[in-house]
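1. here is the input, now give the coordinates:
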Amino acid sequence: MGVEVKQDGKGVWFAQPYLGRTPEGKQIRPRRSFPDAVTREEAQALADAWASQLTFDGQIKSTLIADLLREYIADRQAKGAAVNTVKRWTLFTRSYVGRYLKGKVARDLTAYELNSFERRLMVPKELGGQGLSQNTVVSVHHFLQGAFSYWVRIGICDANPMLMVAKPDEQRHEAVVIDEWDFQTLDAAVSNRLYPTKRSKQTMRDAAYSFAAWFALHTGMRVGEVCAVRRRDLHKAQGYVLVCGTALEPPGGGVIRSNTTKSKKPRQVSLTDSEWSRVYSFMEQQDGFSDAFTPDSALVSVDGSFMRPTTVSKAFSRTRDRCGLPKACTFHSLRHTHATWCLANGVDLKTLAARLGHANEATTLRLYAHLMPGRDAAAAKAFEEFAESLKSGV
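-> This next block holds a predicted model:
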């Protein structure tokens, strides 16, 4: 539907498209103002979004919150929302809003109802709730707040009730780190499957899973980044791996490689000579099993194709269980372990932030400040010196 925006006498942008006539001959000309729009382009975008929701008689197509959320997600996806974000929002809409706010009209929902909805999400499943963590409900809260804000701007809702809903307190969890006692057990479990004596599709798949865990532990990469590394990203002559992509799983299934990382910029991660030796030994094994590999093939792979990050993460969880490690230890713990051991051995924050792909050093400091070496060691030394001085009678 074509709709043109204009300015009224007060300089406020508005749209009032002609949609025809009623059976009684009255013109159908719904009007909507966009007082927040500053430029014509901004007003036109809001007007187009509003008009796309109109029926032939000037009414909104559907104001059920689940239907509007699906439209909102589609709009954000078309404007560049990340694949994983779209996937998460789709889950929120289908599993939570669709279940607990089914049949609810968005413009009629109150802050009380939405607060009750969020509280219900945190109720344990055995008591009739969803059993979600506080942090997940915080994500749902931000999603709904953004959606309502958008609906207010394009004229579907008159107010944003989420502004009056108190979101849960976000819980901060210390990163789970594999300690030196568990490392040997995990290292043995990974190494035993890295180079199978009998090569089959299954043993080579297990080898790829094991290599992914080893690679993450030695580079600090995220699971999506590990799965996205191609052979051409290996720059042995310069001594680094170029981290320049992320493996994503779109809502429809499968896996795609995005050419950006979480931080939106590539980074270089150095490897030692012994680490390069293991990487190339693994690739030689792959080439001995399949001739499908090219420079653009995935490094973590059986046949050159990219593996799903969730599949790789689940494979690590099975290894963790075989080793008797805590359930809280996930594939992401390999990244935390890498960062922790780097700090413990004198790597400075600036270098570590660049290696991990953090946007700035403040992020690294927030996550790992409690692991910064030196202060407690100084305290131990001070106490020992004082104790020794008492013994000597000084």
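2. in this structure, which spans are strands?
-> Ranges of strands in the chain, per DSSP state E, are 5-7, 13-15, 32-34, 234-235, 240-243, 246-248, 256-258, 267-270.
3. take the ones you listed and write them to TSV, including distance to E42 and mean neighbour count.
-> C-beta: built from backbone N, CA, C; applies to glycine. Formatted as TSV, the strands of the chain follow (distance: least, CB to CB, whole Å; neighbours: other CB atoms under 10 Å):
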stretch	distance to E42	mean neighbour count
strand 5-7	9	15
strand 13-15	8	20
strand 32-34	8	19
strand 234-235	44	16
strand 240-243	36	20
strand 246-248	30	23
strand 256-258	28	15
strand 267-270	35	17
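4. who touches the longest helix anywhere in the chain?
-> As assigned by DSSP state H, the longest helix anywhere in the chain is helix 134-154. Outside helix 134-154, the residues within contact range by CB atoms under 8 Å, 6 or more residues apart in numbering are 32, 34, 36, 46-47, 49-50, 53, 68-69, 72, 75, 88-89, 92, 96-97, 106-107, 114, 118, 121-122, 132, 157-163, 165, 167-171.
5. could you flag which of those residues are buried?
-> Among the contacts of helix 134-154, the ones that count as buried by 16 or more other CB atoms under 10 Å are 32, 34, 46-47, 49-50, 53, 68-69, 72, 88-89, 92, 96-97, 106-107, 114, 118, 121, 132, 157, 160-162, 165, 167-168.
6. where are the low-confidence patches of the stretch 151-300 of the chain?
-> 173-175 (pLDDT under 70).
7. so where do the helices sit in it?
-> 180-194, 201-219, 223-228, 273-289 (DSSP state H, counting those that start in this stretch).
8. how about residues contacting the third one?
-> The reference is to helix 223-228. Residues outside helix 223-228 that contact it (CB under 8 Å, 6+ apart) are 212, 215-216, 219, 243, 245-248, 255, 257-258, 261-262, 298, 300, 306-309, 312-313, 331-332, 357.
9. just the buried ones from those residues?
-> 212, 215-216, 219, 243, 245-248, 255, 257-258, 261, 298, 300, 306-309, 312-313, 331, 357.
10. middle-most residue in this protein, spatially?
-> Among the residues of the chain, the one closest to the centroid is N84, at 5.9 Å (CA atoms, centre = their mean).
11. which non-adjacent residue is nearest it?
-> L248 (6.0 Å; CB to CB, 6 or more residues apart in numbering).
12. that neighbour and T260 touch, don't they?
-> No: counting by CB atoms under 8 Å, L248 does not reach T260; the two are 10.1 Å apart.
13. pull out the buried residues from stretch 218-238.
-> 218-231, 233-234.
14. farthest pair within the residues you listed?
-> With CB to CB as the measure, no two of the buried residues of stretch 218-238 lie farther apart than G220 and R231, at 20.3 Å.
15. rewinding a little: so the residue nearest to N84 bridges to which residues?
-> Judged by DSSP bridges, the bridge partners of L248 are I256.
16. who are the contact partners of it?
-> 82-84, 224, 255-258, 309.
17. nearest to E275 among the residues you listed?
-> Nearest to E275 among those: G224, at 20.8 Å, using CB to CB.
18. how close does that closest one sit to M283?
-> Using CB to CB, to the nearest Å, G224 is found at 21 Å from M283.
19. per-residue confidence at G374?
-> Looking at G374, its pLDDT is 59.
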